[in-house]
Structure formats: structure tokens, C-alpha cells
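Peer 1: quick one, fold the following:
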Amino acid sequence: MKVRCPHCGFVFDVSYSRIMYCKTCPFGAFGDCEKIKCPRCQEEFTLYESEI
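Peer 2: Next comes the predicted model:
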């Protein structure tokens with residue numbers, strides 16, 4: 001699923017963000033976290049803020 005960062009406008013795939021930034025987080029490992037981190041600006045936001 002593609003999302004747009006509400007901070008910088010960068011469009012990226014949620015899977016990429018999860019693979020890169022969630023591997024050390026216990027919430028990300030179980031898929032229970034609603035947050036995503038932008039690969040461009042490193043801003044963390046929720047899925048609800050990012051709809052394109």
C-alpha cells in the first residue's frame with residue numbers, strides 16, 4: 001500500500017518503511033503499530049494521516 005508523508009509529501013510503500021524501521025521495535029514485529037516512518041524525512045506518523 002502506498003502512503004504519502006504528511007510532512008514532506010514523499011510517496012512510498014508501507015512495506016519498505018516496515019522493513020527498514022520496524023525491525024527493532026517490539027510493536028512492529030507483531031504488526032500492532034499504526035505508525036510509519038518516512039524514508040525521506042524520518043517523520044513518524046500514523047496511517048490515518050497519510051491517505052493518498
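Peer 1: which outside residues touch stretch 35-52?
Peer 2: The contact list for stretch 35-52 (C-beta atoms under 8 Å, 6 or more residues apart in numbering) reads 2-8, 10-12, 14, 16-18, 20-21, 34. For glycine as for every other residue, the C-beta is placed from the backbone atoms N, C-alpha and C.
Peer 1: please redo it, this time with the cut-off set to 10 Å
Peer 2: Residues outside stretch 35-52 that contact it (C-beta atoms under 10 Å, 6 or more residues apart in numbering): 1-14, 16-18, 20-22, 25, 27-28, 33-34.
Peer 1: okay, buried residues for it please.
Peer 2: For stretch 35-52, burial by neighbour count (16 or more other C-beta atoms under 10 Å) applies to Ile36, Lys37, Cys38, Phe45, Ser50.
Peer 1: how about stretch 9-25?
Peer 2: Across stretch 9-25, burial judged by 16+ other C-beta under 10 Å covers Phe12, Ser17, Arg18, Tyr21, Cys22.
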